[in-house]
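Participant: Okay, structure incoming, though there's no sequence with it:
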């Protein structure tokens, strides 16, 4: 893969080349980075929470229980950069920031919600599989 070069002449590791064919199984496929951002623990949960509607940062942080302020901030910046999240500064005093999904974000959130619903409905089966696995490992 040829490195992208920024205006200063250095490698630009964050640039995507829209001319490259996407093949997630290829080592240098750009879709892997996008997939990683969308399916990371906090990325997936932020997109799912925003699928419920616009949220201010503090409300989003409460909804995504367990995420640190810094991690949520980094995650939202990444999702905004990828075009999934829109950040709007409200003209209140003091100013407030609200996050929402873009059209692209809504499209991916619907797909993620299917995965979330599947996983939530199969928690008992996974717990049983884990118990069986752990028991086999203990016995061997």
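Facilitator: Yep, that arrived. The structure displayed is predicted, hence computed values, not measured ones.
Participant: low-confidence ranges in the protein?
Facilitator: Per-residue confidence of the chain (counting by pLDDT under 70) places the weak regions at 1-20.
Participant: next helix or strand past the longest helix seen in the chain?
Facilitator: For the chain, the longest helix by residue count, based on DSSP state H, is helix 103-121. Following helix 103-121 in sequence order, the next helix or strand is helix 123-139 (DSSP states H and E).
Participant: Quick one: list the elements packing against that next one.
Facilitator: Using 3 or more Cβ pairs under 8 Å, 6 or more residues apart in numbering; DSSP states H and E as the contact criterion, no helix or strand is in contact with helix 123-139. Where you see a C-beta, it was placed from the backbone N, CA and C, and this is true even at glycine.
Participant: can you give me the helices for this structure?
Facilitator: 31-39, 41-50, 57-63, 69-81, 103-121, 123-139.
Participant: How about residues contacting the shortest one?
Facilitator: Outside of helix 57-63, the residues within contact range by Cβ atoms under 8 Å, 6 or more residues apart in numbering are 46, 49, 50, 52, 55, 67, 69, 72, 73, 76, 97, 99.
Participant: Filter those residues down to the buried ones, ChimeraX style.
Facilitator: Burial among these is assessed by 16 or more other Cβ atoms under 10 Å; the matching ChimeraX selection reads:
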select :46,49,50,55,67,72,76,99
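Participant: Please list all residues in contact with the most centrally placed residue in the chain.
Facilitator: Most central in the chain under Cα atoms, centre = their mean is residue 43, positioned 2.4 Å from the mean C-alpha point. Residue 43 makes contact with 37, 75, 78, 79, according to Cβ under 8 Å, 6+ apart.
Participant: now with 7 Å?
Facilitator: For residue 43, the contacting residues are 37, 75, 79, by Cβ atoms under 7 Å, 6 or more residues apart in numbering.
Participant: Also residue 86?
Facilitator: Shown in contact with residue 86 (Cβ under 7 Å, 6+ apart): 100, 102.
Participant: for the one 4 residues further on, same thing?
Facilitator: Residues near residue 90 by Cβ under 7 Å, 6+ apart: 96, 98.
Participant: Check the gap between it and residue 132 for me.
Facilitator: Between residue 90 and residue 132 the distance is 51 Å, computed by Cβ to Cβ, to the nearest Å.
Participant: Understood, closing this out.
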